[in-house]
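Asks: model this:
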Amino acid sequence: MVGTSARLLRLLSLLQSRRSWTGGALAEALEVTERTLRRDIDKLRGLGYPVNATSGVAGGYSLGPGAKLPPLLLEDDEALAVSVGLQNAASGTIRGMEEAALRALAKLEQVLPTRLQRRLRSFHAAVMPLYLAGPTVDASVLSALASACRAEEVVAFGYGDRQRQQSEREVEPHGLVHSGPRWYLAAWDRTREDFRTFRVDRITGKVRVTGRFSPRPLPEGDVARYVARSISTDAYKYRGRIVLHAPRELIAERIPQAYGRVTALDEARCQLETGTNRLDALAFHVAMLGVEFEVLEPPELTEELRTLSARLGRAAGRSGQRAR
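Replies: A predicted model of the protein is given here:
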C-alpha cells in the first residue's frame with residue numbers, strides 16, 4: 001500500500017494532468033476507494049491546495065489556482081522566471097524544446113496565482129524581443145490549445161484564412177506542431193466534418209471550451225506527419241512530384257519536413273512531393289538541390305524549367321563574352 005504522503009503527491013500530479021477528473025477515475029488511478037479519495041482531497045485542502053468539486057453527470061474534481069504551486073513551492077520571482085523561460089523556449093528559442101516547454105507551461109499556468117498572472121501579462125506587454133519577425137503567437141492561446149488537446153476538450157475560436165476571411169470555428173484539437181517560426185493545430189473541424197490544419201497565429205479572440213470529445217484516427221496516423229503533408233502540399237495551387245537521383249537520406253537533409261515529403265524509391269533515388277503557388281520558385285529550388293531529377297507532375301513545371309534553363313544559358317553567354 002502506498003503511503004499517505006506519496007499518495008497525496010500522486011493525487012496532486014494527476015489533478016494537474018487534466019482539467020478535471022471524475023471521482024471514480026481518480027480513485028482507480030490511485031488504486032483506492034472513493035471514500036479514501038474524499039479523505040485525501042480534504043487533506044489537500046487542509047494543506048492549502050484549492051481542489052474544486054462539482055456534482056452532476058459532468059462533475060468531478062479540478063485543481064484551481066491557489067497561494068502556492070503544487071507540488072513545488074516556488075517563490076513569486078522564481079515562478080515568474082520559470083514561466084518566462086518556458087514561454088521563450090516554446091517560441092522556438094531552444095531547438096527541440098518547444099513541445100516539452102509548452103506542456104510544462106500549460107501545467108504551470110493552470111495553477112499560477114492570480115497576482116502572478118497579472119505580473120506576467122504586464123511583463124510580456126512591456127518586453128518585445130528583437131529576434132521576433134513575422135507573425136507571432138499569443139502564448140495564452142498556445143497554452144489554452146495545449147490544455148484542450150491534453151484534456152480532449154472541444155474548443156471554439158475566431159479564425160482568419162489566407163484571404164483574411166474571418167469565421168468562427170469549433171474543433172476537436174488533436175495536437176500542436178511547431179515548424180520553424182510557426183505553430184500549427186491539427187484538429188477535426190465540426191463544421192467541415194474533416195481534419196484541418198490551423199495556423200495558430202491566425203486564431204483570433206479567446207479560445208473557448210465547449211465540450212468533450214473522443215479522439216479520431218488521424219489520416220497520416222501521426223499529428224506531425226499530417227501537418228507536414230497539409231502545409232507542404234495540400235494548401236497550394238500546384239502539387240509537384242519529382243524523382244530525384246539521390247538517396248533519400250541526402251535529400252531529407254536539404255529539404256525541411258514542412259516543405260515537402262521525401263520517400264525512397266530505391267537506394268539511389270527518391271521522390272519529392274511538395275506544393276507551391278509559384279512554379280518559377282519551385283523550378284529554382286529543385287535545380288538548387290544539385291542532383292539530377294525528372295518531373296512527374298505538374299506538366300507546367302517542365303515548361304518553367306525550360307524557361308529557367310534558357311535564361312541561365314543567355315546569362316552565361318553574355319558573361320562569357322565580357323570575360324573575353
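
Asks: what's the per-residue pLDDT of the residue nearest to residue 114 when sequence neighbours are not counted here?
Replies: Closest residue to residue 114 apart from its sequence neighbours, by C-beta to C-beta, 6 or more residues apart in numbering: residue 65 at 6.1 Å. Using the backbone N, CA and C atoms, a C-beta is placed for each residue, glycine as well. Looking at residue 65, its pLDDT stands at 78.

Asks: with residue 179 instead?
Replies: 72.

Asks: give me the number of neighbouring residues for it.
Replies: 18 (other C-beta atoms under 10 Å).

Asks: show me the contacts for it.
Replies: For residue 179, the contact set (C-beta atoms under 8 Å, 6 or more residues apart in numbering) comprises 227, 228, 231, 256, 257, 258.

Asks: beta partners for it?
Replies: Going by DSSP bridges, residue 179 is paired in beta bridges with residue 182.

Asks: how much space separates it from residue 249?
Replies: 21 Å (C-beta to C-beta, to the nearest Å).

Asks: what's the answer for residue 28, then?
Replies: 46 Å.

Asks: check residue 220 too.
Replies: 21 Å.

Asks: compare the two (neighbour count), which wins?
Replies: A side-by-side neighbour count of residue 220 and residue 249, using other C-beta under 10 Å, places residue 220 first with 16 against 10.

Asks: helix or strand for the closest residue to the more buried one other than its chain neighbours, which one?
Replies: Excluding its sequence neighbours, the residue lying closest to residue 220 (C-beta to C-beta, 6+ apart) is residue 226, at 4.1 Å. In the assignment (DSSP states H and E), residue 226 maps to helix 223-229.

Asks: just the C-alphas of that helix, formatted as PDB.
Replies: Listed next in PDB are the C-alpha coordinates belonging to helix 223-229 (Å, rounded to 0.1, in the frame of the first residue of the first chain):
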ATOM      1  CA  VAL A 223      -0.100  14.600 -35.900                       C
ATOM      2  CA  ALA A 224       3.400  15.700 -37.100                       C
ATOM      3  CA  ARG A 225       3.100  13.800 -40.400                       C
ATOM      4  CA  TYR A 226      -0.400  15.000 -41.000                       C
ATOM      5  CA  VAL A 227       0.600  18.700 -40.500                       C
ATOM      6  CA  ALA A 228       3.700  18.200 -42.700                       C
ATOM      7  CA  ARG A 229       1.600  16.900 -45.500                       C
END
